[in-house]
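Colleague: Show me how the following folds:
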Amino acid sequence: MHRIKIGDIELIAVTDGAAPPVSPSWPFPEVPEIDWNSHRYALDSDGLHTSNFGCFVIRDKEETILVDTGMGSHPPERFGQAPAHLPGSLSAAGIKPTDVTKVVFTHLHFDHVGWAFSKDRGSPFFPNARYVASRIDWEYWSTCTEDSRVDHVKSFESNVEPLSGLGVIDLIEGEQFLSGGITTLPTPGHTPGHMSLLLHSNGKRGVVTGDVFHSSAQFSNPDWSHRADVDPALGRKTRKQLLERFLDGITIACGHLEHGSNIGTVAMVDESRYWRGF
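Modeller: As a prediction, this is how the structure comes out:
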């Protein structure tokens, strides 16, 4: 399912494409290979981990909000040719770049900010939008000097920093109202200022989790940390806290899960949690 209603709020899954499948030991280097045997549902038919560059559109009566902007058309050199599907995916959903009134970054990794700024035009890719980012993440990436994170720093400098000079980005902290029943929620760990979005309308609730989860297996194993987590211990704490909020049927949207089944909920089976896509 690519669209769902949460009360009067519409949630639409769009995508910028997918990364090539890899051994699950690459994104989860601390998880023994044998531990995946009981979570084969989280891998493809070849036993490989797949990663969707998923984004979401949230629509209410006031706003059309795009959550994250994918890898973009100019990814880090080591990724080669980018899939660059987001403009077409938005078009297929009936959404033009000019329709977007807000762009919200869950965090500022390069695979979430790629279509923020058009280098060719020297202007925002979404010309009518206010951009929203975590002040904590902004400060982290603007001062980061770690060699292992150089691709993220370069992407920040080319895709995100120009938005400040154009006066179209708002830096926020804590829980912030965005529109109607849409608010931000700090969920740090993957990055210092990572945030999710909470949706609430007519008694229905949902959450867009950003990169709190990279695999459906993490719903059963919240201690499993992705290699890109800046603070793995804090990321584990955040996952466990969010999971406690997911047990009452709340709708969950996870960008990196497979496109077309990355909106779902949590099911309890024999006292264990499992992802259940809609």
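Colleague: can you give me the strands for the stretch 51-200 of the chain?
Modeller: Under the criterion DSSP state E, counting those that start in this stretch, strands of the stretch 51-200 of the chain are mapped to 64-67, 102-104, 117-118, 123-124, 130-134, 169-172, 177-179, 182-186, 195-201.
Colleague: The second one pairs with which strands, parallel or anti?
Modeller: Sheet partners assigned to strand 102-104 using DSSP bridges are listed as strand 64-67 (parallel), strand 130-134 (parallel).
Colleague: And for the third one?
Modeller: Strands flanking strand 117-118 in the sheet, each with its direction: strand 123-124 (antiparallel) (DSSP bridges).
Colleague: Which residue lies nearest the spatial centre of this protein?
Modeller: Centroid-nearest residue in the chain, with C-alpha atoms, centre = their mean: residue 210, separated by 2.9 Å.
Colleague: how much space is there between that residue and residue 68?
Modeller: From residue 210 over to residue 68 the distance is 7 Å, taken as C-beta to C-beta, to the nearest Å. Placement of C-beta: from N, CA and C, glycine included.
Colleague: Give me the common contacts of these two.
Modeller: 106, 112, 255 (C-beta atoms under 8 Å, 6 or more residues apart in numbering).
Colleague: Do you know the pLDDT at the first one?
Modeller: Just to be clear, that refers to residue 106. Looking at residue 106, its pLDDT stands at 98.
Colleague: Same check on the second one?
Modeller: Residue 112 is assigned a pLDDT of 97 by the prediction.
Colleague: returning to what we had before: most neighbours among the shared contacts of residue 210 and residue 68, which one?
Modeller: Highest neighbour count within the shared contacts of residue 210 and residue 68: residue 112, with 30 neighbours (other C-beta atoms under 10 Å).
Colleague: my read: that one touches residue 103, true?
Modeller: No: Residue 112 lies out of contact with residue 103 (C-beta atoms under 8 Å); the separation is 10.5 Å.
Colleague: Burial check on residue 93, number of neighbours?
Modeller: Counted by other C-beta under 10 Å, the residues lying close to residue 93 total 14.
Colleague: ok, now residue 229?
Modeller: Neighbour count for residue 229, taken as other C-beta under 10 Å: 19.
Colleague: correct me, but it touches residue 187?
Modeller: No: judged on C-beta under 8 Å, residue 229 makes no contact with residue 187 at a distance of 11.8 Å.
Colleague: Can you tell me, leaving aside adjacent residues, what's nearest to residue 170?
Modeller: Once flanking residues are discounted, residue 170 sits nearest to residue 132: 5.2 Å by C-beta to C-beta, 6 or more residues apart in numbering.
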